[in-house]
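*Asks:* just to be clear, the model below is a prediction. Sequence and coordinates:
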Amino acid sequence: MTPPRLPRLGNFVDGRSAEPADGTYTELLDPCTGTPYLLAPDSGEEDVDRAMRAAATAFEQWRWTSPAERQDALLRIADALAGRLDEFAAAEARSTGSAAAAGETPLMVDQLRFFAGAARVLEGLAAGEYSPGHTSYTRREPVGVCAQLAPWNFPLLMAVLKSAPALAAGNTVVLKPAETTPETALLLAELAAEVLPPGVLNVVCGGPDTGRLMVRHPVPALVSLTGSVAAGTEVARDAAAGLKRVHLELGGKTPVVVCADADLPAAAAKIVEGAYGNAGQDCTAATRVLVDRAVQEDLLTALTKAAQAARPGPPDDAGALYGPLNNADQLARVDGFVRRLPAHARVVTGGHRVGEAGYFYAPTVIADVRQDDEIVQREVFGPVITVQPFADEDEAVALANGVEQGLASAVWTTDHARAMRFTRRLDFGCVWVNTHLGFPSEMPHGGFKHSGYGKDLSVYGFEAYTRVKHVMHHLGE
């Protein structure tokens with residue numbers, strides 16, 4: 001029996017859909033079933049060059065648009081997206097297998113509107129006579145064409161998070177979504193083309209090789225990546241050959257410090273939400289629980305009970321807490337961490353695949369781990385929680401900071417002074433106190449150490465896509 005012909009996606013370049021130059025496509029698999037449902041371009045050198053040239057041409061006009069014009073464009077895109085939320089949520093759920101997309105899409109509308117406003121707020125030093133006989137001032141300008149590489153865990157959110165500040169600042173964009181989840185980025189580009197001039201926002205599909213072509217291409221002035229530490233290291237190395245600016249949001253290994261005086265039921269509920277949401281495929285997921293020895297067993301019991309009551313399932317399963325892992329490789333990766341656990345570690349619950357179809361993994365809690373264990377030091381990116389005890393604040397801080405990543409952290413305590421001490425000492429780009437996973441558009445998101453550099457969201461995310469020029473005028477005699 002001949003299998004049904006799958007529908008094909010195209011790249012989106014210079015304001016219209018474009019087939020890959022060499023006609024190469026890859027199958028997209030439904031993560032709930034593992035079966036193919038779409039074909040997407042596997043873009044090569046000619047496709048990337050076409051998109052870069054389109055973006056470079058468009059930049060020569062877009063860069064001179066006024067902040068008010070760019071604000072209007074982004075607000076119109078936001079309004080158009082708000083009017084099609086159900087369509088985008090359905091496409092996102094199809095790509096990721098997660099029903100959470102319905103709740104995430106309004107956040108993207110808010111981010112577009114925030115960066116629309118940021119376009120009107122260009123800050124810099126006041127003009128003045130800093131050198132006798134001369135007046136100086138600064139200009140904040142767009143950097144040029146931006147090559148942006150997005151991950152598969154939040155496809156539409158990342159497409160907006162990357163493109164919105166770049167466009168607001170007057171840049172043009174070539175965006176590559178992850179090879180497994182390109183559908184909503186392409187929908188966004190099609191929607192934006194009703195507002196933006198051709199070539200301002202381009203989307204090129206493909207895998208790691210396509211991304212390498214983009215990073216190494218001579219046109220981009222800036223490269224932005226959200227991805228793994230290994231991918232970030234490679235991008236930074238390749239971009240350095242062309243002295244391109246680099247913006248990296250990389251992996252995390254979030255510690256959640258639970259003190260003896262914490263509201264344990266509230267902490268346990270939020271940890272489960274923060275650890276298992278999106279199947280744990282979140283660089284800020286609540287993966288490492290560090291708990292005061294005095295309440296260790298109480299918290300472990302609460303986490304285990306919550307994990308045993310939860311289950312994964314497809315988007316139409318109203319009782320499922322989360323969906324599948326993104327792909328077969330990720331399923332094997334998560335399962336591999338659990339299978340390689342040292343003898344002293346204990347799987348309290350979970351630790352196995354769920355079902356034979358798709359890429360579902362059970363909510364997992366692991367106790368008795370040690371600081372140098374692989375599962376403590378490396379990002380799992382799955383629905384797995386580890387639990388470690390601490391004796392005092394100093395040990396809690398040492399355990400929390402004792403990893404290479406520094407993206408996000410959390411502390412649970414009812415003692416305000418203790419909370420302030422932890423927020424000062426935790427070496428992470430974000431510290432949540434008695435909460436988890438809050439991302440207001442006005443606040444920066446980005447990490448330290450091996451979690452990369454540069455900020456998403458906020459005015460800092462906007463300024464990352466600008467350059468500062470000093471202008472000096474001689475005042476004459």
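*Replies:* Arrived safely.

*Asks:* quick one, helices of the stretch 301-450 of the chain?
*Replies:* Along the stretch 301-450 of the chain, counting by DSSP state H, counting those that start in this stretch, helices occupy 328-339, 374-377, 393-401, 416-425.

*Asks:* let me have the ones you listed in a markdown table, extended by mean pLDDT.
*Replies:* Converted to a markdown table, those look like this (pLDDT from 0 to 100):
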| stretch | mean pLDDT |
| --- | --- |
| helix 328-339 | 98 |
| helix 374-377 | 98 |
| helix 393-401 | 98 |
| helix 416-425 | 98 |
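
*Asks:* which one, of those, ends up nearest to A58?
*Replies:* helix 328-339 (35.4 Å; Cβ to Cβ). C-beta here means a position set from N, CA and C on the backbone, and glycine is covered the same way.

*Asks:* picking that back up, distance to S458 and mean neighbour count for the helices of the stretch 301-450 of the chain - can I get that in a markdown table?
*Replies:* Formatted as a markdown table, the helices of the stretch 301-450 of the chain follow (distance: least, Cβ to Cβ, whole Å; neighbours: other Cβ atoms under 10 Å):
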| stretch | distance to S458 | mean neighbour count |
| --- | --- | --- |
| helix 328-339 | 30 | 16 |
| helix 374-377 | 30 | 18 |
| helix 393-401 | 24 | 18 |
| helix 416-425 | 18 | 14 |
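
*Asks:* quick one, which of those is nearest to P177?
*Replies:* Of the helices of the stretch 301-450 of the chain, nearest to P177 by Cβ to Cβ is helix 328-339, at 16.2 Å.

*Asks:* helices or strands up against that closest one?
*Replies:* helix 374-377, strand 384-390 (3 or more Cβ pairs under 8 Å, 6 or more residues apart in numbering; DSSP states H and E).

*Asks:* and the first one, what other elements does it pack with?
*Replies:* To tie it back to what came earlier, the one meant is helix 374-377. Against helix 374-377 (3+ Cβ pairs under 8 Å, 6+ apart) you get helix 328-339, strand 384-390.

*Asks:* just the CA coordinates of that helix, formatted as PDB?
*Replies:* Only the C-alpha atoms of helix 374-377 are listed here, as PDB (Å, rounded to 0.1, in the frame of the first residue of the first chain):
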ATOM      1  CA  GLU A 374      26.000  13.200  36.200                       C
ATOM      2  CA  ILE A 375      22.300  13.700  36.700                       C
ATOM      3  CA  VAL A 376      23.000  16.600  39.100                       C
ATOM      4  CA  GLN A 377      25.700  18.300  36.900                       C
END
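
*Asks:* for that helix, what is the distance to the chain centroid?
*Replies:* Put simply, helix 374-377 sits 21 Å off its chain's centre (Cα atoms, centre = their mean, to the nearest Å).

*Asks:* show residues contacting the lowest-mean-pLDDT helix or strand in the chain.
*Replies:* Least confident helix or strand of the chain, by mean pLDDT, DSSP states H and E, is helix 101-118 with a mean of 91. Residues outside helix 101-118 that contact it (Cβ atoms under 8 Å, 6 or more residues apart in numbering): 70-75, 77-78, 81-82, 85-86, 88-89, 92-93, 154, 156-157, 160-161, 164-165, 167-168, 439, 441-442, 457, 459, 461-462.
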